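Participant: curious how this folds, go ahead:
(2 chains)
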Number of protein chains: 2
Amino acid sequence: MFTLFHHPFCPHSRFIRLIAGEYGLDLKLVEERSWERREAFLLLNAAGTTPVLVDEEQPPIPGAAIIAEYVDEAYGAGMGPKRLMPETLPERVEVRRLMAWFNEKFFEEVSHPLVTERIYKRFMSEENGGGAPSADVMRAAKANVRYHLAYIGWLAQTRNFLAGDRLTYADLAAAAHLSAIDYLGDVPWSEDDAAKAWYARVKSRPSFRPLLSEWLAGVPASRTYVDLDF
Amino acid sequence: MFTLFHHPFCPHSRFIRLIAGEYGLDLKLVEERSWERREAFLLLNAAGTTPVLVDEEQPPIPGAAIIAEYVDEAYGAGMGPKRLMPETLPERVEVRRLMAWFNEKFFEEVSHPLVTERIYKRFMSEENGGGAPSADVMRAAKANVRYHLAYIGWLAQTRNFLAGDRLTYADLAAAAHLSAIDYLGDVPWSEDDAAKAWYARVKSRPSFRPLLSEWLAGVPASRTYVDLDF
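Facilitator: As a prediction, this is how the structure comes out:
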């Protein structure tokens, strides 16, 4: 049994939930509002960020990339063809490159600003940075999402999945970040058919269902969020 | 033979140079000014950032963390007791946690702003963001370095090296980022004796020598930069 300290709209937490879903790992979810800097949470992760995975009898594992490496080292080899990290060195480089692309670059340029402005700020006190969303920040992030979508579309046209022939961490990272802003209706799907078709495939996987069924009171999901034929 | 696209003051590039030094890997260095967004470099790494390692006959490997994992997978096991990644799962989590702490958090809060303001801006054209350094940005980064130094000191008092008994990637990542700003005289060493003693040990390693001997025309190194008994 694993415990995941997460937030429903934290894209990195969604990535770990998708991995757990694919591997059939049982997660107990604990919602953490990282901006409150809860003392007991800072003891689990001095950086104060979600997600943190606690695997029984092991020290806590902080951060999406580190959790992904841990899960691969602890459970990957036993997953056979369902393993989400490939085995050859060049393929592993490509999966890690794309994981970092979405977990770092897409996060910084798109998903973090949009989720912060539109979701987190509702829950933050004024001293934690709460308040009205910044139109400037949202406009910049919405401009950035377009070039990322084109990049996803280009990869999806070149390959079966983003990093190669098979589903890997790269697809789940990309889909996790997209899903958080798709809830908000901030993905211009009509601009890239290949990206849309790839996302429809990933979104149809059973591992995605728990994400699609969680709605936030007061913030309805976009028209296309749950629809598998959006 | 490896080729490393780097910048002498890019802390992530310094990290990879230290790893190569420890492992005796022969690096050909190519200086890249990433802000110029050279087209041939963007083909090596679409993210446009240094470092990028090219290992013969392999696709290019972009980014410090990804290069470190690659080098461990390709060469680590053959290094015996000199291996910079431990073998047990909890120890690997701790090394990766601290690598990320320095390569991401320390970079964002300290080394990136200081190196950008004080070094990169000298070489940037105005349209690339060049110009006079921002006093506000430097003040904030210099305030941040103090809590990081205290954290290093706390780790160094608890353990022989930052992540445990032996030298690991965690020490080299921390030392790489510190070295870039130590050149500029921006590390308040007198504030933490344990951190200073740990850094003196790491800085005395032969792998550090090439970094200490490179000076930048017009920007002299701080009084303590080269001194092993600073």
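Participant: how far away from the center of its chain is the longest helix along chain A?
Facilitator: In terms of residue count, the longest helix belonging to chain A (DSSP state H) is helix A:135-158. Relative to the centre of its chain, helix A:135-158 is centred 15 Å away, using Cα atoms, centre = their mean, to the nearest Å.
Participant: that one - what's its average pLDDT?
Facilitator: Across helix A:135-158, the average pLDDT comes to 97.
Participant: care to break chain A down by domain?
Facilitator: For chain A, the structural domains run A:2-82, A:89-212, going by automatic domain parsing.
Participant: before we move on, back to that, who touches the longest helix of chain A?
Facilitator: In this structure, residues lying in contact with helix A:135-158 by Cβ atoms under 8 Å, 6 or more residues apart in numbering or on different chains are A:98, A:106, A:109-110, A:113-114, A:116-118, A:162-163, A:174, A:181, A:186-189, A:191-195, A:197-199, B:46. C-beta: built from backbone N, CA, C; applies to glycine.
Participant: list only those of those flagged as buried.
Facilitator: Listed as buried from the contacts of helix A:135-158 are A:98, A:106, A:109-110, A:113-114, A:116-118, A:162-163, A:174, A:181, A:186-187, A:189, A:192, A:194-195, A:198-199; burial here means 16 or more other Cβ atoms under 10 Å in any protein chain shown.
Participant: and the domains of chain A as JSON lines, adding distance to residue B:14?
Facilitator: Formatted as JSON lines, the domains of chain A follow (distance: least, Cβ to Cβ, whole Å):
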{"stretch": "domain A:2-82", "distance to residue B:14": "21"}
{"stretch": "domain A:89-212", "distance to residue B:14": "19"}
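Participant: per-residue confidence for residue A:23?
Facilitator: At residue A:23, the pLDDT value in this model is 98.
Participant: what's it in contact with, if anything?
Facilitator: Residues in contact with residue A:23 (Cβ under 8 Å, 6+ apart) are A:71, A:75, A:79, A:82, A:84.
Participant: do I have it right that the last one meets residue A:69?
Facilitator: No: under the contact definition of Cβ atoms under 8 Å, residue A:84 does not touch residue A:69, with a separation of 11.2 Å.
Participant: quick one: neighbours of residue A:224, just the number.
Facilitator: Neighbourhood size, residue A:224 [other Cβ atoms under 10 Å in any protein chain shown]: 16.
Participant: before we move on, the earlier item: in helices only, show me the contacts of helix A:135-158.
Facilitator: Filtering the contacts of helix A:135-158 for helices - DSSP H - leaves A:98, A:113-114, A:174, A:181, A:193-195, A:197-199.
Participant: ok, which residues in chain A are in contact with chain B?
Facilitator: By Cβ under 8 Å from any Cβ of the partner chain, the part of chain A that sits against chain B consists of A:46-47, A:58-59, A:61-63, A:65-66, A:69-70, A:73-74, A:89-90, A:92-94, A:96-97, A:100-101, A:104-105, A:151.
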